[in-house]
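In: Mind folding the following:
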Amino acid sequence: MTAGPFLSSFLPDNKRNRDSLAAVWPRVLELGYALRATPVDEPEGCTRTRCAGVHQGYPGSEHRWALRCLLCAVDIEPYPSHMRERTGKNPAPPRRHKGCKFSGPSRAQARAARYIELGLALPDWDKDARAAVAALAA
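Out: This is a model prediction of the structure:
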């Protein structure tokens, strides 16, 4: 896995941005994502005015983040706002990225096996994968 999280070069290093990064990083890890090992070229002149460019570091909610899906080994560019808690105490419904071959209830057994193979904890919210592991153990 690559190094820990950091702020994108254009994002001010302030308490709000550090707190936002701290809130979304656990979800990134739960989903089996990591920072890309190969840097991306951040958009020149990007600001907080929704350029929607891809950024190497945590870019705030309205920009895409350059990550790698550890489960299917694909580079992805999700919006952090799709991963963090959005409704108070209740987190956003967890979902894999579009096109992930480990996504959905029908692939729960394969997903659970891949988490185990990678040495990642199976997320508490992934009830399908947990049920697949329990069925194998029985």
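
In: tell me, what residue is most central in the protein?
Out: Closest residue to the average C-alpha location of the chain: Val28 at 3.0 Å, with Cα atoms, centre = their mean.

In: shouldn't that one be in contact with Leu67?
Out: Yes - using Cβ atoms under 8 Å, Val28 is in contact with Leu67, at 6.7 Å. Placement of C-beta: from N, CA and C, glycine included.

In: hmm, who's touching the longest helix seen in the chain?
Out: Using DSSP state H, we find that the single longest helix of the chain is helix 15-30. With contacts defined as Cβ atoms under 8 Å, 6 or more residues apart in numbering, helix 15-30 is touched by 4-7, 11, 34, 58, 60-61, 67, 80, 83-85, 91, 94, 120-121, 123, 125.

In: What separation do you get for the residue nearest to the centre of the chain and Pro105?
Out: Separation of Val28 from Pro105 (Cβ to Cβ, to the nearest Å): 22 Å.

In: What residues of the helix or strand where Asp75 lies count as buried?
Out: In the assignment (DSSP states H and E), Asp75 maps to strand 74-76. Neighbour-count burial for strand 74-76, counted by 16 or more other Cβ atoms under 10 Å, picks out Ile76.

In: And the average pLDDT for it is what?
Out: Taken as a whole, strand 74-76 has an average pLDDT of 94.

In: since we're on the closest residue to Leu70 other than its chain neighbours, how many residues are nearby?
Out: Among residues not flanking Leu70 along the chain, Gly32 sits closest, at 4.5 Å (Cβ to Cβ, 6 or more residues apart in numbering). Using other Cβ atoms under 10 Å, Gly32 has 22 neighbouring residues.
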